[in-house]
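here's a sequence, model it:
(3 chains)
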Amino acid sequence: MNQKKSITEKRRRPADKAAYVCIFLFTFLVVAMVILFVACILYKGLPGLSLDFLTTAPNPIEQTIGILPSIINTAYMILLAILIAVPIGVGGAIYLCEYAKNKRLIRIIEFTTETLSGIPSIIFGVFGYVFFCTLLNLKVSLLSGALTLTIIVLPTIVRTTGEALKAVPASYREAAMGIGATKWYMIHTVLLPSASRGIITAVILAIGRIIGESAALLLVAGGSAMYMPRGNFFEQIMGSGATLSVELYRYAYSRGENEIGFSIAVVLLVISVLLNVAVKGINKKLGGEKNGK
Amino acid sequence: MANKIIAKDLNLYYGAHHALKNISMDIKENCVTGLIGPSGCGKSTFLKTLNRMNDTVPGVKVEGTVLLDGEEVYQKAVDVTQLRKKVGMVFQNPNPFPMSIYDNVAYGLRIHGIKKRIVVDEIVEKSLRGAAIWDEVKDRLKKPALSLSGGQQQRLCIARTLAVQPDVILMDEPTSALDPISTMKIEELMSELKKDYTVVIVTHNMQQAARISDYTAFFLLGELVEYGETSQIFSMPQDKRTEDYITGRFG
Amino acid sequence: MEHSILRSAKTKSAVEHVMHMLFVVCGLIAVVAVLFISIYMVASGGPAIAKIGVWEFLFGQIWNPEAGTFGILPFILSSIVATALAIFIAVPIGLGAAIFLTHIADKKTGGVFLFIVELLASIPSVVYGLLGAMLVAPMIFKLQNMLSLSQSGSLLSASIVLVIMILPTIISVSVSSIQSVPKAYNDASLALGASKMQSIFKVILPAAKSGIAAGIVLGVGRAIGETMAVMMVAGNAAIMPSLLGPVRLLTVGISLEWAYSSGLHREALYGIGLVLFVFIMIINILLSFILKKGGKKS
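Next up is the predicted model:
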């Protein structure tokens, strides 16, 4: 206590300085990396990007390259997988949040959902091939791909929707039940509309996952998109075909044509950014509304 | 008695909100000074200007002077870690770290570079004794601090503050979250502490201020309304507002 | 027409019943999916492992499908080493970035940085493979030339690409666990005269350690399961791992020969899938154990 140390006597802290240097360095590294990646993708990929590239199929006679078939395949994948996965995922979230009372069952469902989100896509690919392609005899097809994707995106949809449902105030539920509404009536008139932004967010996140998926689809949906899907709708989804990501892999790795790969990467990057911005926009609106009240 | 801390024309703003208005106040060495007033009156804010804990709040602006042993606290050259070593603080809610009882008390020593086992052991014991909790925890120093009761946790926090050997101890409503028995123990501790330390305590409880403090300051709406010896403040307040407050007419 | 209260109540309750049942089914789909995946991974991978022999399969050092030799030890070791190296590099970087985001950056800078991290997370893995082949591999080539090694994809390239891919996971999980540490700990530490860095490293990070551990385990899961990006940079030779030599990871072991495999060869690939699946399930169980323990404490 008798130390007569002045409070203006600065202590030297070399460890603190080292920590600051590391933190700033690592942060800079992450930011620089992202900037480098985006610049590299744009620099390499933009020259090859044209309207023809986006709107035609590859033509082996004229030696032109187009990615329209893979764009269509991707669209099919998104459409089918979302159509199947969203009702199931939202239904599962509703069951977890509104119906399930057995603690143990809830824990099992939550654990398996977590497990599902931790399984790598190559495993889904092997399973999808064994189950959908072989056992259900759906062959290597867009439909097998979409069914496999359904399982892949299910945890995302259940989790995101569940969070949205939990955020709906209990008073809304009580108000509806109080005036004599049945449970299902309450759910589809009060709960789902209140949680709609969360469900839209879930759909956008799922679309992002579908667009980025490649390893599983390589096994269950086919590795190339040289031709446009043919025949009627059912024939089309029963045919095989590569999505944009798989097509990128085929050009860049199997055929060593990196420039085409980068042009596809530009398309994927633009979609990723748009989806990110969309999620941000939805959540910001949500936050703004809350603050407004 | 000597003045330990001198605040002069102290003003503090949270953004546009003028939270402290022209506070001038001398805090005497080896005394307990109580700060009373209704909530939101600025007493806690004033307390935090003394060890610059307000620095962590974004948008804060301080004008005026605070002298500690004659040294300006708000000059640029001040190393806040040295200041806070000299001016310790105990918070409203007990906030021991999620580590062992021993490590909680040793924490302050380690961050100030005292690592020798024998020295640390000795100071830990001395600090726990100083906070009147040694007998209760001496057999379980390695147990997690969060396993203690609320009152024990608060005395542990006092021990943790004593371990860095401060001159001044600031206490921000240290008993408001505690039961009456724990409160009594900490009040008893207060009269021991002032032999070695200068204590400044914020309390919402006037009886507590009357019991333990030598000097009392009454804050209202960011102003220091009245300041003087406790006996004088409580028996013959000079200001009408002080009288209204201590007679329970508002607050 | 007169509406009977009774009838309308009955139809309503029929709808209620159907919807309830539908929700139960939806809720159980995840359970069924995990069950089916487990069953079919074992059913499809088990026979091959039995035929080849557990020991020969797991600890055999030679993978030569033409000769009927299926040893996957090189794949297992490569996966473990590549993942360990990636974690070793990514954890300090990720923690540093998480500290920056939570305790140094102001709101605006933090928001921009968070957006960048989210963008990093949403880039498809094939794009990382492409970037790795374009930006990372050439650097390693130079190193290989300097050491007069043959120029090829390598374990180091694969690990660097994995670092980039698991960084978002580690950063975002660390950020949320650091943010959940009570502010009172930081206040108490500062009031004792600790500097900002001392508070962060001696109080906040230890208090957030179970969350950070969960993030690391999640990162391990992602790294060990990544396929496409590493396939594009790792060289994919079925030999024992070395830092600058080509390696084939477990995941790549499946995908690389998938298209032209048949018979026992294809079954052996299912077997690799089963081994990978067991790895992943162990990681998952470890993760839920850590989270449970962390949850109990707070």
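
got the contact list for the spatially most central residue of chain A?
Computing the C-alpha centroid of chain A and ranking residues by Cα atoms, centre = their mean puts residue A:209 first, at 2.4 Å. Neighbouring residues of residue A:209 by Cβ atoms under 8 Å, 6 or more residues apart in numbering or on different chains: A:149, A:152-153, A:156. For glycine as for every other residue, the C-beta is placed from the backbone atoms N, C-alpha and C.

could I get the residues you listed in CSV, plus columns for secondary structure, neighbour count and pLDDT?
Converted to CSV, those look like this (DSSP: H, G, I helix; E, B strand; the rest coil; neighbours: other Cβ atoms under 10 Å in any protein chain shown; pLDDT from 0 to 100):
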residue, secondary structure, neighbour count, pLDDT
A:149, helix, 29, 97
A:152, helix, 24, 96
A:153, helix, 26, 96
A:156, helix, 22, 95
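
all the helices of the stretch 51-200 of chain B, residue numbers only.
Per DSSP state H, counting those that start in this stretch, the stretch 51-200 of chain B carries helices over the ranges B:80-86, B:101-111, B:117-130, B:134-137, B:150-163, B:180-196.

same thing with the stretch 151-298 of chain C?
In the stretch 151-298 of chain C, the helices defined using DSSP H, counting those that start in this stretch lie at C:155-179, C:183-191, C:196-199, C:205-207, C:209-225, C:228-231, C:250-256, C:263-297.

for the last one, what is the average pLDDT?
It stands for helix C:263-297. Averaging pLDDT along helix C:263-297 yields 88.

residues from the stretch 151-298 of chain C in reach of chain A?
Taking Cβ under 8 Å from any Cβ of the partner chain as the contact definition, the stretch 151-298 of chain C meets chain A at C:164, C:167, C:171, C:195-198, C:200-201, C:218, C:221-222, C:224-228, C:231-232, C:251, C:254-255, C:258-259, C:269-270, C:273, C:276-277, C:280-281, C:283-284, C:287-288.

number of nearby residues for residue A:129?
Using other Cβ atoms under 10 Å in any protein chain shown, residue A:129 has 25 neighbouring residues.

next one: residue C:19
Neighbours of residue C:19 under the rule other Cβ under 10 Å: 19.

what pLDDT, on average, does whichever strand or helix holds it get?
Assessed by DSSP states H and E, residue C:19 sits inside helix C:5-52. Across helix C:5-52, pLDDT averages out at 87.

which strands or helices does it pack on?
helix A:68-94, helix A:103-118, helix A:121-128, helix A:142-167, helix A:183-186, helix C:263-297 (3 or more Cβ pairs under 8 Å, 6 or more residues apart in numbering or on different chains; DSSP states H and E).

of the ones you listed, flag the one that's most buried.
Mean neighbours per residue, mean count of other Cβ atoms under 10 Å in any protein chain shown, is largest over the helices and strands packed on helix C:5-52 for helix A:121-128, with a mean of 27.

residue C:161 is in contact with residue C:233, correct?
Yes. Assessed by Cβ atoms under 8 Å, residue C:233 is found in contact with residue C:161 at 5.4 Å.

what do these two both touch?
Shared contacts of residue C:233 and residue C:161 (Cβ under 8 Å, 6+ apart): C:129, C:132, C:136.

adding secondary structure, distance to chain B and neighbour count, write those residues out as CSV.
Output for the shared contacts of residue C:233 and residue C:161, formatted as CSV (DSSP: H, G, I helix; E, B strand; the rest coil; distance: Cβ to the nearest Cβ, whole Å; neighbours: other Cβ atoms under 10 Å in any protein chain shown):
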residue, secondary structure, distance to chain B, neighbour count
C:129, helix, 42, 28
C:132, helix, 41, 25
C:136, helix, 40, 22
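
for burial, what's the neighbour tally of the closest residue in space to residue A:71 that isn't next to it in sequence?
Of all residues not flanking residue A:71 in the chain, residue A:244 sits nearest, at 6.5 Å (Cβ to Cβ, 6 or more residues apart in numbering or on different chains). Neighbour count of residue A:244, defined by other Cβ under 10 Å: 25.

A helix includes the residue nearest to the centre of chain A, no?
Yes. Per DSSP: H, G, I helix; E, B strand; the rest coil, residue A:209 lies within a helix segment.

that one and chain B: what is the separation?
For residue A:209, the distance to chain B (Cβ to the nearest Cβ, to the nearest Å) stands at 37 Å.

count the residues that sit near residue A:101.
6.

check contacts around residue A:84.
Counted by Cβ under 8 Å, 6+ apart, residue A:84 has contacts A:146-147, A:150.

try residue B:81
A:11, C:193-195.

ok so, going back, need the next SSE after the helix holding residue C:19, C-terminal direction.
On the C-terminal side of helix C:5-52, the nearest following helix or strand under DSSP H and E is helix C:54-59.

angle of the lowest-mean-pLDDT helix or strand in chain A against helix A:68-94?
Of all helical and strand segments in chain A, the minimum by mean pLDDT, DSSP states H and E falls on helix A:258-292, at a mean of 81. With axes from the mean of the first three to the mean of the last three Cα atoms, to 10 degrees applied, the angle from helix A:258-292 to helix A:68-94 works out at 30 degrees.

flag every buried residue along helix A:258-292.
Under the neighbour-count criterion of 16 or more other Cβ atoms under 10 Å in any protein chain shown, helix A:258-292 has A:258, A:260-269, A:271-272, A:275-276, A:278-279, A:282 buried.

where's residue C:75, which helix or strand?
For residue C:75, the element it lies in under DSSP H and E is helix C:73-99.

please see if that helix touches chain A.
Yes. Using Cβ under 8 Å from any Cβ, helix C:73-99 comes into contact with chain A via C:92-97, C:99.

of these, just the buried ones, ChimeraX syntax please.
Those of the residues of helix C:73-99 next to chain A that count as buried under 16+ other Cβ under 10 Å are selected in ChimeraX with:
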select /C:93,94,95,96,97,99
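
so which of the residues of helix C:73-99 next to chain A is the closest to chain A?
In terms of Cβ to the nearest Cβ, no member of those lies closer to chain A than residue C:96, at 3.2 Å.

still on that earlier bit, which one among the contacts of residue B:81 gets closest to chain B?
Checking the contacts of residue B:81 against chain B with Cβ to the nearest Cβ, the nearest one is residue C:193 at 3.6 Å.

correct me, but that closest one touches residue B:82?
Yes. Checked against Cβ under 8 Å, the pair residue C:193 and residue B:82 is within contact range at 6.9 Å.

tell me which of these two has more neighbours.
Higher neighbour count among residue C:193 and residue B:82: residue C:193, with 25 against 18, using other Cβ under 10 Å.

OK, contacts around the more buried one?
Counted by Cβ under 8 Å, 6+ apart, residue C:193 has contacts B:81-85, B:108, B:111-112, B:164.

next one: residue B:109
Contact analysis of residue B:109 by Cβ under 8 Å, 6+ apart lists B:115, B:119-120, B:123-124, B:163-164.

quick one: which of these is most hemmed in?
Going by other Cβ under 10 Å, residue B:163 tops those with 27 neighbours.

show the contacting residues for the nearest residue to that one once chain neighbours are set aside.
Excluding the flanking residues, the one nearest residue B:163 by Cβ to Cβ, 6+ apart is residue B:127, at 4.1 Å. Remark: with contacts taken as Cβ under 8 Å, 6+ apart, residue B:127 is in contact with B:105, B:159-160, B:162-163.

if you set the cut-off to 6 Å instead, what comes out?
Neighbour list for residue B:127: B:105, B:159, B:162-163 [criterion: Cβ atoms under 6 Å, 6 or more residues apart in numbering or on different chains].

same question, residue B:131
Neighbours of residue B:131 in contact, by Cβ under 6 Å, 6+ apart: B:155, B:158-159.

out of those, who's near chain C?
Among the contacts of residue B:131, no residue is within reach of chain C (Cβ under 6 Å from any Cβ of the partner chain).

neighbour-wise, which of those leads?
Highest neighbour count within those: residue B:155, with 28 neighbours (other Cβ under 10 Å).

setting aside sequence neighbours, what's the nearest residue to that residue?
According to Cβ to Cβ, 6+ apart, the nearest residue to residue B:155 is residue B:133 (4.2 Å).
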